[in-house]
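Undergrad: structure here, sequence nowhere to be found:
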């Protein structure tokens, strides 16, 4: 039993004693047991309001604690999912480079789109932790966007050739950027 519940029981017992005291010492010929029940009922109602007040107060505290725990859990899950997605980045870079070397531009295009999404996760994660150089980040996003356009133009026939070695070089820089970011995350969490 909580201390608020004990206090409410004590208040109820005290008010019951007060109602008995009032009935006994102020009893006259016109007062009946129904009058006593009326007095006692009034004090019992007052005790119920005190009990209700404490219940609402404790429920409010419990709700706030639950909401904070839910928010912390949600933030942790988002962080874990983001880190999981980010850690796939270096593997995606390797796959994109392989597809480019094999002239499988459609597959390379898909991998670069995935890589751009991972860079967006990094930016979102960085807003909370401030772990990256924003200029370097902007350069990587810009290069990936240009590479995506060039590969797309190659696929649809707007361009006959693209500089595959430059795209592979850009991807290697992004891979290094992602690896460095992962290390910073691990160092920051420990």
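TA: Cool, got the structure. Since the model is a prediction, treat every value here as computed from it, not as a measurement.

Undergrad: please, where are all the helices along this protein?
TA: With DSSP state H as the criterion, the chain has helices at 3-25, 33-87, 89-101, 105-129, 134-156, 164-189.

Undergrad: please state the offset of the shortest one from the chain centre?
TA: Translated: helix 89-101. Distance of helix 89-101 from the chain centroid (Cα atoms, centre = their mean, to the nearest Å) equals 32 Å.

Undergrad: the fifth one now?
TA: Taking Cα atoms, centre = their mean, the mean C-alpha location of helix 134-156 is offset from the chain mean by 31 Å.

Undergrad: now do that helix against helix 105-129, angle only.
TA: With axes from the mean of the first three to the mean of the last three Cα atoms, to 10 degrees applied, the angle from helix 134-156 to helix 105-129 works out at 160 degrees.

Undergrad: helix 134-156 packs against which elements?
TA: Counting contacts by 3 or more Cβ pairs under 8 Å, 6 or more residues apart in numbering; DSSP states H and E, helix 134-156 packs against helix 105-129, helix 164-189. Heads up, the C-betas are built off the backbone N, CA and C, glycines and all.

Undergrad: tell me the contacts of the residue lying closest to residue 185 once chain neighbours are set aside?
TA: Closest residue to residue 185 apart from its sequence neighbours, by Cβ to Cβ, 6 or more residues apart in numbering: residue 83 at 6.1 Å. Applying Cβ atoms under 8 Å, 6 or more residues apart in numbering, one finds that residue 83 lies in contact with 125, 182, 185.

Undergrad: please redo it, this time with the cut-off set to 10 Å
TA: Residues counted as contacts of residue 83 (Cβ atoms under 10 Å, 6 or more residues apart in numbering) are 121, 125, 181, 182, 185, 186, 189.

Undergrad: run a quick neighbour tally on residue 117.
TA: For residue 117, the count of nearby residues is 13 (other Cβ atoms under 10 Å).

Undergrad: one more: residue 148?
TA: When neighbours are counted by other Cβ under 10 Å, residue 148 comes out with 17.

Undergrad: from residue 93, how far off is it?
TA: Residue 148 sits at a distance of 14 Å from residue 93 (criterion: Cβ to Cβ, to the nearest Å).

Undergrad: common neighbours of these two, please.
TA: Jointly contacting residue 148 and residue 93 under the rule Cβ under 10 Å, 6+ apart are 112, 115.
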